[in-house]
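> the following block contains a protein sequence and its predicted model.
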Number of protein chains: 6
Amino acid sequence: MARPDGRTASDLRPVTFTRGWTEHAEGSVLVEFGRTRVLCNASVTEGVPRWRKGSGLGWVTAEYAMLPRATNTRSDRESVKGKIGGRTHEISRLIGRSIRAVVDEKALGENTIVLDCDVLQADGGTRTAAITGAYVALADAVTCLRGRKALHGEPLKDSVSAVSVGVIDGEARLDLCYDEDVKAGTDMNVVMTGSGLFVEVQGTAEGAPFSKAELDALLDLAAVGNLELAELQKAALA
Amino acid sequence: MARPDGRTASDLRPVTFTRGWTEHAEGSVLVEFGRTRVLCNASVTEGVPRWRKGSGLGWVTAEYAMLPRATNTRSDRESVKGKIGGRTHEISRLIGRSIRAVVDEKALGENTIVLDCDVLQADGGTRTAAITGAYVALADAVTCLRGRKALHGEPLKDSVSAVSVGVIDGEARLDLCYDEDVKAGTDMNVVMTGSGLFVEVQGTAEGAPFSKAELDALLDLAAVGNLELAELQKAALA
Amino acid sequence: MARPDGRTASDLRPVTFTRGWTEHAEGSVLVEFGRTRVLCNASVTEGVPRWRKGSGLGWVTAEYAMLPRATNTRSDRESVKGKIGGRTHEISRLIGRSIRAVVDEKALGENTIVLDCDVLQADGGTRTAAITGAYVALADAVTCLRGRKALHGEPLKDSVSAVSVGVIDGEARLDLCYDEDVKAGTDMNVVMTGSGLFVEVQGTAEGAPFSKAELDALLDLAAVGNLELAELQKAALA
Amino acid sequence: MARPDGRTASDLRPVTFTRGWTEHAEGSVLVEFGRTRVLCNASVTEGVPRWRKGSGLGWVTAEYAMLPRATNTRSDRESVKGKIGGRTHEISRLIGRSIRAVVDEKALGENTIVLDCDVLQADGGTRTAAITGAYVALADAVTCLRGRKALHGEPLKDSVSAVSVGVIDGEARLDLCYDEDVKAGTDMNVVMTGSGLFVEVQGTAEGAPFSKAELDALLDLAAVGNLELAELQKAALA
Amino acid sequence: MARPDGRTASDLRPVTFTRGWTEHAEGSVLVEFGRTRVLCNASVTEGVPRWRKGSGLGWVTAEYAMLPRATNTRSDRESVKGKIGGRTHEISRLIGRSIRAVVDEKALGENTIVLDCDVLQADGGTRTAAITGAYVALADAVTCLRGRKALHGEPLKDSVSAVSVGVIDGEARLDLCYDEDVKAGTDMNVVMTGSGLFVEVQGTAEGAPFSKAELDALLDLAAVGNLELAELQKAALA
Amino acid sequence: MARPDGRTASDLRPVTFTRGWTEHAEGSVLVEFGRTRVLCNASVTEGVPRWRKGSGLGWVTAEYAMLPRATNTRSDRESVKGKIGGRTHEISRLIGRSIRAVVDEKALGENTIVLDCDVLQADGGTRTAAITGAYVALADAVTCLRGRKALHGEPLKDSVSAVSVGVIDGEARLDLCYDEDVKAGTDMNVVMTGSGLFVEVQGTAEGAPFSKAELDALLDLAAVGNLELAELQKAALA
């Protein structure tokens, strides 16, 4: 039961990071996981939201969205519908939490970084690509703040990346593309630090419920993938 | 480092189910996990949403909300704000997925069951209580449909329950109350079937990222808790 | 033409007030008018809305809502629809005006009390039950403020209650349940103080327009009902 | 304590109806109660809303709004705010109910009449002027339907009008202008048929609660005013 | 191919300005271009929006809307739909830009003037009538500010007016009514100052694209019309 | 007074079209006008909106949006704000009208093409780039429909492009970049067909009003630019 693109079960898709993809943002990274392409822009502003003023702490948040025709059939714009859907909310929150897990808000000082992750083309794994690319954009934005001497120490405690894993026809596979995602009985997104610890584990039985053994196999595979992604991030930032 | 209410690390809070709590709904269960109280109403309607018509399949969905003063300080109503927040969206979706994992939509026939989970009083674990109570309300709604001879088989493939687990001061604890939830370094919600399989695993590093060993300890604890909840559900429905 | 529950035309349904029904709110009362059950939570906050700052006056307001399955068939949530309906607006405003009629805002000092009236189960008369229960919750919230020595005198000038009256088959009846409400030719909600004065009179010809004689009969009946409710409120607060 | 415009306590302001004020609507009436000016347009469409199709019954509804500078200080547009306020909702519903009280929906056949009441200039009593003018616009729209032979009988069972009454400095007064409305201790809107029966009675204690005697005095005054308005409507339609 | 109302191709419809049409607004003008009637109210408030505070500059803005039955068939209210349509946005912005082109914001001082243009009856050319009438209302509002000694010089640098032109059956025509507007192959709105310069030129090929020669013919016609409108404005303000 | 990027007054910026930029859309073109980059995706669906069903005509529409950090400072998302701004509405409508001017809706048959124009990076002229790129995407979508044998003739009557022109320091310039746009006294967007006719002319006096001579100079310059753009479009589609 070969994978659609010929990979082995534990292969990532080709992953690339293009830094400086747009010119305005302090950090701007086009991340590609195979045919999935997400533009991750990090915007720096001085100051923090009102509820955090005077705390000495910085603030990092994220917003995720898809272009209407990022997918195979066109979706209506959430701006036109006048409200944000549950899936969008959920992924924006996940990206924000994941990134904040490796940020020292004290070292950031009272600065805000917004990470905009816009999916230009989707082929499965958009949220994991977004987290992985957002970290690289964040690193560039932090470099920019360092250049402005606006930091109170090193705000990046570690790197962070994410990858999806799933069980298809009884086989645990890494980094599912869309066709695999649709077929997966169990689907899991795993966010990890560069040092190999877990930040977020979200597993869902799309088909039949899963056992501890399956869960362990998936987590092991995700650890392999995230380790590789951390290396790729490091190389991209070198 | 005793727990606020004197429980051991692997104790659930007192859990009760009051069936028939309101009179109109086909299934109406007040579930209590200690001081957390959630009203789970299951509403049955003939027919399914337009996109599912003619499929022969039923539909089960869920909506979660909190009364403004379910919490220690009053929250503004989402109806007044004119939009649903990300957290509400996320939990509604989680409950829906969890419940659908044990439903045979073919056996349900073209009927719709909406599970409304309204938190009357919150003390941590509202989403896990909601899932656990919603299953009981669902079971009553299914009984009602069976009475109407509207089913095509047994729609409940298994039972489903959920419990939170977390690490506090290095100790893995079951079924966190609000004060513990706030302090937890890692926080996890685990949804399982009555037969002990996983439906959904959502773990988040609120403080420091966590290791595989910590994750395993938490999953073991959650399995114990869900086993007990499954027994309590069975007893409540007997 | 007996009433569905065997009452005489001038009987109230069994009315109960359960104080302290939830633990967080400064005043929390479950009021029951027969099968109609409304949770009235009074939330106290220091300070007043911006437009009232520095006036030395307090502020009391109310919000009314129904759980989706409080009624016989499920209603969509107003939060999901993204806007509040006319009926909800109307009742929220009525409760607020009614309660403010007995409050001395100067004695309240610059404190705000929000009265959340959430209908858990509806069987007619939800707005009158809400007003009647909200007064009891308000009284508890005022007691709480008194304990904090945050008052500038006695903010409660009187008690306030409300009851519905209607004409069914030519007979004036007190405190209509849902089945009666639907059949009533004329329907009236009457809000009165404990001392027997009128705060609000809202009468509507649902069927044929009504005469002054019918109006008088209804107002007399409402006065009897409100007198009894005032006694029950006093007893509940004793 | 003379009235601002020299009227006696039981005088209406000068009331005029200008029929055919705009050219497009089937009924178009500019109604003036002194300086209060409301444009009432009745729009006829064939057919009824979906929920009423096939019933053989017609449908009449109303919408009320104010131009931003109808009042002394400019109000923000509800279209710009993106939602309709409680007051607007409440008045729209009141107008609709009042008008429907004199309409025989069977005789109307499956036709819809929408009454748009837009306040061009406000000086108190806009809702009562709106109801009184809307009836005249409705009558013109019905004439138009009769011309098209689209009716199944006479849809107007009676005429309907409305007037405000209030207690100022202990005196019951008819048809309050804005300056009086602000000072009124009790404020009441009374909707009546041409034959002198009550359709809607809405009284509110803005200041001190009121007695049955005060209520009776106000209702008597309103009956006088509505009788006069019914005559003026009849004359305008002659 | 005569025009529906017998005008020659270069005739304006009868244009009238009724100043002081409502009593509350600092400037209130009912402008009529034939059967098109727009109420233009200018509201003055001290101070400017937050983003302009301390600049020493005033602010002028405009909002355009149509009553539901200003047109031949009823349109739903934008307040009820909960959002403003593209056409409304576009015209509001056009009026604001046009008016600001002749205002010296420094001379206005930190005062705000809002121009509300509400179409009471539409027969084509509502946006051009709105601009033309709004200028007259603005002039009255400026006079009011002058009376309050709130100005720092003369804020009106010139007058401004607007007119539509279009090609129908190969003929360039001035000031199209609705029936002509619908048939026009090319449709243009031209905003000009009293001194004959262009402020805004908006031309659209509704049917076939147009040549430079056609464009020139239309612009010439518009210049004639605007010259005449400027005279009429001057006369109205005399 | 040299241009920021060294161009002469009548030079376009470097213009490129990258077809097939994303894989899902039937037409997908990244258009670049210098540093301005807009992704134009054409989505084909069978059938037309309800109001056009059975007419035998196709439908083409457009939506325009900017990514939050397409610009120098981040803008809030319209989806998060819950409503679309006036500028977005205006440009979406302009693109739609411009494209429809060259489409034969009869030849298109009952098919719908939606043109999504998303600005990835903005440096002035985003709306003109969007129109120019959307035409190329449209042509690819039409080719796709032709391949499906879904057309009733040739739907493209001509090509269409757009360019901005403006007066800066008294000089008419073609294709303004952002820094020039900000300084321009008069700013004009001109949409033309490949055969040199006008589709839309929108000129605005940002500073002083302009004369017919200035207008003519700008239109001449725009004609030169659009001629060149038409050639580039042809080459890109060859």
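Perfect, thanks for sending it. Small disclaimer: the values here were computed from a predicted structure and weren't measured.

> use CA for all of it now, contacts and neighbours both
Noted.

> centre of the chain to stretch A:220-230, how far?
Here stretch A:220-230 is found 14 Å from its chain centre; the criterion is Cα atoms, centre = their mean, to the nearest Å.

> partner strands of the strand or helix carrying A:Glu32, with direction?
A:Glu32 belongs to strand A:27-33 when assigned by DSSP states H and E. Strand A:27-33 has the following strand partners under DSSP bridges: strand A:15-19 (antiparallel), strand A:36-46 (antiparallel).

> contacts for that strand?
Outside of strand A:27-33, the residues within contact range by Cα atoms under 8 Å, 6 or more residues apart in numbering or on different chains are A:12-22, A:37-43, A:125, A:129-130, A:132-134, A:136-141.

> got it, and stretch A:223-238?
By Cα under 8 Å, 6+ apart, stretch A:223-238 touches A:10-12, A:15, A:17, A:19, A:132, A:136, A:139, A:159-163, A:174-175, A:191-194, A:196.

> who in chain A is up against chain B?
A:83, A:85-87, A:89-90, A:93, A:101, A:192-193, A:196-212 (Cα under 8 Å from any Cα of the partner chain).

> ok, 7 Å please
Chain A has residues A:86, A:89-90, A:197-205, A:209-211 near chain B, with proximity defined as Cα under 7 Å from any Cα of the partner chain.

> ok, and of those residues, which contact chain E?
Okay, of the residues of chain A next to chain B, nothing touches chain E (Cα under 7 Å from any Cα).

> count of neighbours near the residue in chain A that chain F sits nearest to?
In chain A, the residue that lies nearest chain F is A:Ser79 (3.7 Å; Cα to the nearest Cα). A count of nearby residues for A:Ser79, using other Cα atoms under 10 Å in any protein chain shown, gives 18.

> hmm, it is touching F:Gly85, no?
No. At 9.7 Å, A:Ser79 does not count as touching F:Gly85 under the criterion of Cα atoms under 7 Å.

> quick one: secondary structure of the residue most central in space within chain A?
Chain A has A:Ile131 as the residue nearest its centroid, 1.2 Å off, counting by Cα atoms, centre = their mean. Under DSSP: H, G, I helix; E, B strand; the rest coil, A:Ile131 falls in the helix class.

> ditto for A:Asp181
helix.

> sorry, back to before: for PyMOL, write the select line for the buried members of the residues of chain A next to chain B.
Buried residues among the residues of chain A next to chain B (16 or more other Cα atoms under 10 Å in any protein chain shown), as a PyMOL selection:
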select buried, chain A and resi 86+89+90+197+198+199+200+201+202+203+204+205+209+210
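
> report the two of the residues of chain A next to chain B separated the most.
A:His89 and A:Ser211 (29.1 Å; Cα to Cα).

> in the top helix by length along chain A, what's buried?
Of all segments of type helix in chain A, defined using DSSP state H, the longest is helix A:212-237. For helix A:212-237, the neighbour count (16+ other Cα under 10 Å) marks A:214-215, A:217-219, A:221-230, A:232-233 as buried.

> still on that earlier bit, secondary structure element holding the residue of chain A closest to chain F?
helix A:78-81.

> how far does whichever helix or strand comes after that helix sit from its chain's centre?
Elements were assigned by DSSP H and E; along the chain past helix A:78-81, the next helix or strand is helix A:86-100. On the basis of Cα atoms, centre = their mean, helix A:86-100 sits 9 Å off its chain's mean C-alpha point.

> check which residues of helix A:86-100 are buried.
Those would be A:86, A:88-100, for helix A:86-100 by 16+ other Cα under 10 Å.

> return the alpha-carbon coordinates of it using PDB.
Taking Å, rounded to 0.1, in the frame of the first residue of the first chain, the C-alpha atoms of helix A:86-100 are listed here in PDB:
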ATOM      1  CA  GLY A  86     -14.500  27.100  14.500                       C
ATOM      2  CA  ARG A  87     -11.700  25.400  12.600                       C
ATOM      3  CA  THR A  88      -9.900  28.700  12.000                       C
ATOM      4  CA  HIS A  89     -10.300  29.700  15.600                       C
ATOM      5  CA  GLU A  90      -9.000  26.400  16.800                       C
ATOM      6  CA  ILE A  91      -5.900  26.500  14.600                       C
ATOM      7  CA  SER A  92      -5.000  30.100  15.400                       C
ATOM      8  CA  ARG A  93      -5.200  29.300  19.100                       C
ATOM      9  CA  LEU A  94      -3.000  26.200  18.600                       C
ATOM     10  CA  ILE A  95      -0.300  28.100  16.700                       C
ATOM     11  CA  GLY A  96      -0.300  30.900  19.400                       C
ATOM     12  CA  ARG A  97       0.000  28.400  22.300                       C
ATOM     13  CA  SER A  98       2.700  26.400  20.500                       C
ATOM     14  CA  ILE A  99       4.900  29.400  19.700                       C
ATOM     15  CA  ARG A 100       4.400  30.900  23.200                       C
END
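
> quick one on the thing from earlier: nearest to E:Gly147, of the residues of chain A next to chain B?
A:His89 (53.9 Å).

> quick check: that closest one touching B:Ile84?
No. Applying Cα under 7 Å, one finds A:His89 not in contact with B:Ile84, separated by 9.9 Å.

> for C:Val114, see how far away whichever residue of chain A sits closest to chain E is.
As assessed by Cα to the nearest Cα, chain E sits closest to A:Gly82 within chain A, at 8.8 Å. A:Gly82 is 29 Å from C:Val114, where distance means Cα to Cα, to the nearest Å.

> so which of the two has more stuff around it?
For A:Gly82 versus C:Val114, neighbours defined as other Cα under 10 Å are more numerous around C:Val114 (22 against 19).

> the more buried one: helix or strand, and which one exactly?
Per DSSP H and E: strand C:111-121 holds C:Val114.

> what angle sits between that strand and strand C:27-33?
30 degrees (axes from the mean of the first three to the mean of the last three Cα atoms, to 10 degrees).

> adjacent strands (with direction) for strand C:111-121?
Strand C:111-121 has these strand partners (DSSP bridges): strand C:36-46 (antiparallel), strand C:59-66 (parallel).

> just name the most buried of those strands.
A comparison of those by mean neighbour count, using mean count of other Cα atoms under 10 Å in any protein chain shown, puts strand C:36-46 on top with a mean of 26.

> pass me the low-pLDDT residue ranges in chain A, would you?
By pLDDT under 70, the low-scoring segments of chain A are A:1.

> appreciated, that's everything.
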